[in-house]
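Undergrad: got a structure for you, letters missing:
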Ligand SMILES: [Zn+2]
Ligand SMILES: [Zn+2]
């Protein structure tokens, strides 16, 4: 039987890989400009990291993790996201000792056992950023601004930033009680998942996408009216810095990250007409996460976005990707002079000309056909006469024009291009 890629995985082939390189280069450009530096953590970690770092009550940990025992019987999990790993690395390498605040970014594959659908694979890719080691609300805004900058540079014009505060372990329990009180006589309208959430994690009912749950929570009390003094001041400062940078946002009361160690700021970005229910990325503050995975109390804030979703959103928005697979020049030659032509190709490459040729094709006609298929602008044709007279025949494939030039003139032409 023929072997194919496992369900939920996908080969990324040329020329699609162009899109990835393009997006990655913009992410790196912005991250570098903002002094975030790349961190590469392992693809797999001990399962406990995610159990404690994402939380036992989440779908990710309960249903979606790729978990297995290694040969020594240790429970290993393919990373379903990267924040827990980055915080783990920050603590493990005692980076809090190196002047405190760490600014990191990452791009890489993540793994979740989900039902595969458009834009959702079992091996998918995320890019993200984290600022670890400070409670300063400016850090929250720097993350939001960096995210916006990436979307702007990619060419999005109709993105939207949604923001909320989810409070802290001091003030959130009061709100949760209020919310439960409000939902008490609407309990029967909730979906089965939300009935469980009502007892375990009522905040998450607010972001349930089911019609009944949305109706039930329509005029629910808002968490920002229940924030403690510290959370309230933090939220006000975040909004004031956003205003100072002219960043447009919308306060959205449904935006929650329903775990104890997510605190204060939560935000999401919607772009490319994917619809309000489908954010291209989201983030927030996680001041309680470090302690949860066995470190000291280290505050942090971050963002993560899906690469596949981003590519989908870019296509929806009609944004074109620059192509990187276009050659400057194609060398076409008669078999009798193949050694001379072969040497010329590498001299051209040495001069920085992106020259290529047709492997395994003998006739001039077949070679020209390949050049045409590849969208090459210039072709150089070499026969015995050309070798003898040390001259080249240059053909402009767009205009069909041909002329004789020397090798030196050819280099000059590409210096100008
Ligand atoms: Zn609070
Ligand atoms: Zn629900």
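TA: Perfect, thanks for sending it. What you see is a predicted model; the values in this text were computed from it and never measured. Ligands and ions are numbered 1, 2, ... in the order given.
Undergrad: The closest residue to residue 224 other than its chain neighbours - how many residues pack around it?
TA: What sits nearest to residue 224 in space, not counting adjacent residues and going by CB to CB, 6 or more residues apart in numbering, is residue 165, at 5.6 Å. (Each C-beta comes from the backbone N, C-alpha and C, glycine too.) When neighbours are defined as other CB atoms under 10 Å, residue 165 has 30 of them.
Undergrad: got the phi/psi numbers for residue 165?
TA: Torsion angles at residue 165 (phi, psi; degrees, to the nearest 10) stand at phi -120, psi 140.
Undergrad: thinking it is in contact with residue 235, fair?
TA: Yes. Taking contact to mean CB atoms under 8 Å, the distance of 4.3 Å between residue 165 and residue 235 places them in contact.
Undergrad: shared neighbours of those two, anything?
TA: Residues touching both residue 165 and residue 235 (CB atoms under 8 Å, 6 or more residues apart in numbering): 224, 227, 264, 265.
Undergrad: ok, residue 375 touching residue 356?
TA: No. Between residue 375 and residue 356 no contact is recorded; they are 11.7 Å apart, counting by CB under 8 Å.
Undergrad: Now do the buried residues in stretch 206-213.
TA: 206, 207, 208, 213 (16 or more other CB atoms under 10 Å).
Undergrad: if we can go back for a sec, is the residue nearest to residue 224 bridged to anything, and to what?
TA: Counting by DSSP bridges, residue 165 is bridged to residue 265.
Undergrad: any idea how far it is from ligand 1?
TA: Between residue 165 and ligand 1 the distance, using CB to the ion, to the nearest Å, works out to 8 Å.
Undergrad: try residue 341
TA: Looking at residue 341 against ligand 1, where the rule is CB to the ion, the gap reads 72 Å.
Undergrad: returning to that earlier point: got the shared contacts of residue 165 and residue 235 as CSV, with neighbour count, distance to residue 320 and pLDDT columns?
TA: Conversion of those to CSV gives the following (neighbours: other CB atoms under 10 Å; distance: CB to CB, whole Å; pLDDT from 0 to 100):
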residue, neighbour count, distance to residue 320, pLDDT
224, 17, 40, 96
227, 24, 44, 98
264, 25, 39, 97
265, 27, 34, 98
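Undergrad: And those residues, which is closest to ligand 1?
TA: Ligand 1 lies nearest to residue 227 out of those, by CB to the ion, at 5.5 Å.
Undergrad: Surely that closest one is in contact with residue 235?
TA: Yes. Taking CB under 8 Å as the contact criterion, residue 227 and residue 235 are neighbours in contact, 6.5 Å apart.
Undergrad: Spatially, and excluding backbone neighbours, which residue is closest to the residue nearest the centre of the chain.
TA: If you average the C-alpha coordinates of the chain and look for the closest C-alpha using CA atoms, centre = their mean, you land on residue 127, 3.2 Å from that point. Spatial nearest neighbour of residue 127, excluding adjacent residues (CB to CB, 6+ apart): residue 107 at 4.3 Å.
Undergrad: quick one: the one you found is in a helix?
TA: No. With DSSP: H, G, I helix; E, B strand; the rest coil as the criterion, residue 107 is assigned strand and is not in a helix.
Undergrad: What count of nearby residues applies to it?
TA: Neighbouring residues of residue 107 were enumerated by other CB under 10 Å; the total is 18.
Undergrad: who touches it in this structure?
TA: Neighbours of residue 107 in contact, by CB under 8 Å, 6+ apart: 24, 27, 38, 125, 126, 127, 307.
Undergrad: Got the confidence number for the residue nearest to the centre of the chain?
TA: pLDDT for residue 127: 98.
Undergrad: Could you check how far it is from residue 20?
TA: According to CB to CB, to the nearest Å, residue 127 and residue 20 sit 10 Å apart.
Undergrad: hang on, the earlier thing: now do the shared contacts for residue 227 and residue 235.
TA: Contact criterion CB under 8 Å, 6+ apart; residues bridging residue 227 and residue 235 by contacting each: residue 165.
Undergrad: And residue 375 and residue 356? Which one has more around it.
TA: Neighbours were counted for residue 375 and for residue 356 using other CB under 10 Å; residue 356 has more, 17 against 13.
Undergrad: Could you give the bridge partners of that one?
TA: The partner list for residue 356 in beta bridges (DSSP bridges) reads residue 330.
Undergrad: I'd guessed it sits against residue 326; true?
TA: No. In this structure, residue 356 sits apart from residue 326 without contact. The criterion is CB under 8 Å, and the distance is 10.3 Å.
Undergrad: Can you pull the residues that touch both of the two?
TA: When contacts are counted by CB under 8 Å, 6+ apart, residue 356 and residue 326 are jointly contacted by 374, 376.
Undergrad: Contacting ligand 2 as well, which ones from the buried residues of stretch 206-213?
TA: Here is what survives when these are matched to ligand 2 using CB under 5 Å from the ion: 208, 213.
Undergrad: closest to residue 152 among the buried residues of stretch 206-213?
TA: Comparing the buried residues of stretch 206-213 against residue 152 with CB to CB places residue 207 closest, at 26.3 Å.
Undergrad: What parts of the chain come near ligand 2?
TA: Taking CB under 5 Å from the ion as the test, the list of the chain residues beside ligand 2 reads 191, 194, 208, 210, 213.
Undergrad: want to try TSV for these, with secondary structure as columns?
TA: What follows is the residues of the chain next to ligand 2, written out as TSV (three-state DSSP):
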residue	secondary structure
191	coil
194	helix
208	coil
210	coil
213	helix
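Undergrad: Enumerate the residues of the stretch 151-300 of the chain near ligand 1.
TA: Residues of the stretch 151-300 of the chain that fall close to ligand 1, judged by CB under 5 Å from the ion: 167, 168, 170, 171, 228, 231.
Undergrad: Tell me which entries of the residues you listed lie within helices.
TA: residue 231 (DSSP state H).
Undergrad: quick one: residue 269 and residue 156 touch, right?
TA: No. Contact criterion CB under 8 Å: residue 269 and residue 156 do not qualify, at 9.1 Å.
Undergrad: hang on, the earlier thing: make TSV out of the contacts of residue 107 and add secondary structure.
TA: Formatted as TSV, the entries for the contacts of residue 107 read as follows, by three-state DSSP:
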residue	secondary structure
24	helix
27	helix
38	strand
125	strand
126	strand
127	strand
307	helix
